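Asker: Below is the sequence, then the predicted model.
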Amino acid sequence: MQATPDGVDGRVRRRLRELRTRQGLTLEDVARRARMDVSTLSRLESGKRKPSLELLLPIADAHQVPLDELVGAPEVG
């Protein structure tokens, strides 16, 4: 099943970039904080790599936000 630009992958990709730029961070800053390669983070933001919990959890920690906020999950309840 291919993800569309407006699908979950696209929403996550946009949120990654949005949080990073809103916080005034570079790819290098976030990659260092998340303890991952800059190329991995870049590929996530550009859509060349699919997001996974294994990658998103340390990125959420790097941004000091809950995973729900990182992925732009809708509020429930």
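Answerer: Cool, the structure landed.

Asker: Next one: the closest residue to R20 other than its chain neighbours, what pLDDT does it get?
Answerer: Nearest residue to R20 in three dimensions, chain neighbours excluded: V30, at 5.5 Å (C-beta to C-beta, 6 or more residues apart in numbering). Any C-beta I mention is one placed from the backbone N, CA and C, and that applies to glycine too. V30 carries a pLDDT value of 97.

Asker: Would you confirm that V30 contacts T40?
Answerer: No: counting by C-beta atoms under 8 Å, V30 stays clear of T40, with 10.5 Å between them.

Asker: one step back: which SSE is the residue nearest to R20 in?
Answerer: helix 27-34 (DSSP states H and E).

Asker: and the residue nearest to R20, how many neighbours does it have?
Answerer: 21 (other C-beta atoms under 10 Å).

Asker: Now do the contacts for it.
Answerer: 20, 41, 59, 62-63 (C-beta atoms under 8 Å, 6 or more residues apart in numbering).

Asker: Roughly how far does it sit from G7?
Answerer: Distance, V30 to G7, using C-beta to C-beta, to the nearest Å: 23 Å.

Asker: same deal with G24?
Answerer: 28 Å.

Asker: List the buried residues for the helix-or-strand element of the chain with minimal mean pLDDT?
Answerer: Counting by mean pLDDT, DSSP states H and E, the chain has its least confident helix or strand at helix 67-71, which shows a mean of 87. Neighbour-count burial for helix 67-71, counted by 16 or more other C-beta atoms under 10 Å, picks out 70-71.

Asker: before we move on, the earlier item: may I ask which of the contacts of V30 has the most neighbours?
Answerer: The contacts of V30, ranked by neighbours (other C-beta under 10 Å): first place I59, 26 neighbours.
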